[in-house]
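how would this look folded up:
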Amino acid sequence: MNSKIISVLKYIVLLAVAIGLLALAFKGISVNVILHEMLQAKLSWLLIAVIIGLAGFVSRAIRWKLLIESLGFTPSLKNTTASLMVGYFANLAFPRLGEVTRCGSLSKAESIPFSSLLGTVIVERVIDVLSLLILLFLSSILEIDRLGNFLHDNIIKPLGIKLKTVMSSPGIIAIAIILFVALLVMIFIIMRRSKQNKEESKFVHLVKGLLSGLQSVAKLKRPWLFLFHSVFIWFLAFLGMYVSFQALPSTSDLGMTAALFILVISGLGMAAPVQGGIGAFHLLVSQGLVLYGLSQQDGLTFATLVHALSLVLVVVCGITSLILLFSANKKRLQENIKQQ
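Purely as a prediction, here's the structure:
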């Protein structure tokens, strides 16, 4: 089957899942009522949340820039930030497309090997996952009853049922093992042929680039600054969540432990393999707020407001960044033509 057709089918399936989750979140709740409550939000607090969000984007760009610099490249902060925002924008179209898109954008703007950039993004993702796990552990200590009930009812129990179904099917297990072994054999054959021909294949080049990116952490020139931004990014996310609470009467009385809990839950929602976390974010955050005594309607109002605000921010910054990168690339191309 043509790869383009497969991509289109994947997009349609994931979009259908997102719409299904969104419909599940809004089941039995009036959309008009949600919109009416959202219009009652205090704009001053939302503006502060937007500023905090922008600061978080810049902090992420600085951290990424530090990783890239450890490989011997010096991209500008402007292009790094713009590429990052283009990546977030791309994620709205297709899950995980953003990682590839931002690497491609910066590679073109700064003439940095794509494979090396992809390696640094993998490092970032690993660090983000570890950070989320740490926050999950901290939140589980502070809100052990709420988090335990939430994880059991919304994640562990449903996942356990699905795993039990899969594991009870010998055919699925056999296919999974065969595919895994086939992948290992394919990698071995490609690596062996490249050595025999004494030519570096594209696959080997990509693997080396990824390894180079993964080694960037060990080569950091300013490790403490990298660590600072890794912590600062999540602090800003936590602060943004707490500030967002103040925008609505129903959530204004929630404290910092609640902000941490909902931050963790929202992180799980955004990690779902659907466009922009749509549906998964709304469902998880609204259910999380119900544990704090909010009604399903109030919880969904907050989730919809925060997600919509984030969506608008990403779209505006993403389009602006696309224009900036296009202008920069066009200017550089014209300069190269003049030099020739």
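
Compute the number of surrounding residues for Leu66.
Neighbour count for Leu66, taken as other C-beta atoms under 10 Å: 23. Any C-beta I mention is one placed from the backbone N, CA and C, and that applies to glycine too.

Share the number of residues neighbouring the residue nearest to it when sequence neighbours are not counted, please.
Counting by C-beta to C-beta, 6 or more residues apart in numbering, Leu66 lies nearest to Phe226, which is 4.8 Å off, once chain neighbours are set aside. Here the number of neighbours of Phe226 (other C-beta under 10 Å) works out to 21.

could you pull out the strands for the stretch 101-250 of the chain?
Using DSSP state E, counting those that start in this stretch, no strands are found in the stretch 101-250 of the chain.

how much space is there between the residue lying closest to Phe114 once chain neighbours are set aside and Phe137?
Distances taken as C-beta to C-beta, 6+ apart put Ser107 closest to Phe114, at 4.4 Å, once the chain neighbours are dropped. Between Ser107 and Phe137 the distance, using C-beta to C-beta, to the nearest Å, works out to 36 Å.

Which one of the two is surrounded by more residues?
Neighbours around Ser107 and Phe137, counted as other C-beta under 10 Å, are more numerous at Ser107. The numbers are 18 against 11.

What separation do you get for that one and Gly269?
From Ser107 over to Gly269 (counting by C-beta to C-beta), the distance is 30 Å.

Quick one: residues contacting the residue nearest to Leu66.
63, 66-67, 217, 220 (C-beta atoms under 8 Å, 6 or more residues apart in numbering).

Roughly how far does it sit from Val58?
15 Å.

and the longest helix for this structure?
helix 296-339 (DSSP state H).

Run through the neighbouring helices and strands of it.
helix 31-38, helix 43-69, helix 77-91, helix 97-110, helix 223-245, helix 280-290 (3 or more C-beta pairs under 8 Å, 6 or more residues apart in numbering; DSSP states H and E).

hmm, back to that, Serialize the contacts of Phe226 to CSV and add fields for pLDDT and distance to Ala328.
Shown next, in CSV, are the contacts of Phe226 (pLDDT from 0 to 100; distance: C-beta to C-beta, whole Å):
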residue, pLDDT, distance to Ala328
Arg63, 96, 22
Leu66, 94, 21
Leu67, 92, 21
Val217, 71, 28
Leu220, 85, 27
